[in-house]
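Student: Provided below for reference: sequence and predicted model.
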Amino acid sequence: MEYMIPGNLVVAVMIFAIGAIGIMWRRDAITIFMCIELMFNAANLGFITLAQSLGKPEGVAVFLFVITIAAAEAAVGLALFIKIFDDRENIEAEKLDLLKR
C-alpha cells in the first residue's frame, strides 16, 4: 500500500525551510523573530495536515497548544524588543549582549 504525501505537508516543509534560512542569514532581531513565527506556523500546518490525512484528532490538540505558545511568545518578544529599543535604540542581534554581564 502506497502512501501519498499531502501537498500541504510539502508546503509546510518549504515554509519551515524559509524560516530556518532566514534565521541563519539575517541579523535583525525583528526579522529573526518573524522567521521563528514562520517556523511555528509551518509546524502547525504540518500537524493539521497529518491529523487530517491520518484521521486523528491529536494533531488539532497539538495545533492549539503550539498556537497558544506562539501567541505568548509574540507578546513577550515584542515587549522585550520595544524595551530594548527604548534603552539602546538598536535591536541588531549581534549587538544585543544584555545577558553577558
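Tutor: Looks like it came in fine.

Student: and residue 71, how far is that from residue 27?
Tutor: Between residue 71 and residue 27 the distance is 26 Å, computed by CB to CB, to the nearest Å. Glycine gets a C-beta too; all of them are placed from N, C-alpha and C.

Student: can you list contacts of stretch 55-74?
Tutor: Residues outside stretch 55-74 that contact it (CB atoms under 8 Å, 6 or more residues apart in numbering): 36, 37, 40, 41, 43, 44, 47, 48, 49, 50, 51, 52.

Student: quick one: the helices in this structure?
Tutor: When assigned using DSSP state H, the helices of the chain occupy the ranges 7-25, 29-54, 58-88.

Student: now the ones you listed as TSV including mean pLDDT and mean neighbour count?
Tutor: What follows is the helices of the chain, written out as TSV (pLDDT from 0 to 100; neighbours: other CB atoms under 10 Å):
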stretch	mean pLDDT	mean neighbour count
helix 7-25	93	14
helix 29-54	88	18
helix 58-88	84	13
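
Student: got the CA coordinates for stretch 67-82 in CSV?
Tutor: This file holds the C-alpha atoms of stretch 67-82, laid out as CSV (Å, rounded to 0.1, in the frame of the first residue of the first chain):
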residue,chain,number,x,y,z
ILE,A,67,-0.6,28.4,18.6
THR,A,68,-1.0,29.4,22.3
ILE,A,69,2.7,29.2,22.8
ALA,A,70,3.3,31.3,19.7
ALA,A,71,0.9,34.0,20.8
ALA,A,72,2.5,34.2,24.2
GLU,A,73,6.0,34.3,22.6
ALA,A,74,4.9,37.1,20.3
ALA,A,75,3.6,39.2,23.1
VAL,A,76,6.6,38.8,25.3
GLY,A,77,9.1,39.1,22.4
LEU,A,78,7.6,42.3,21.1
ALA,A,79,7.5,43.8,24.6
LEU,A,80,11.2,42.9,25.0
PHE,A,81,12.1,44.4,21.6
ILE,A,82,10.3,47.6,22.5
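
Student: run the chain-centre distance for that stretch.
Tutor: Relative to its parent chain, stretch 67-82 has a centroid offset of 11 Å by CA atoms, centre = their mean, to the nearest Å.

Student: what does stretch 17-32 give?
Tutor: Stretch 17-32 sits 10 Å away from the centroid of its parent chain (CA atoms, centre = their mean).
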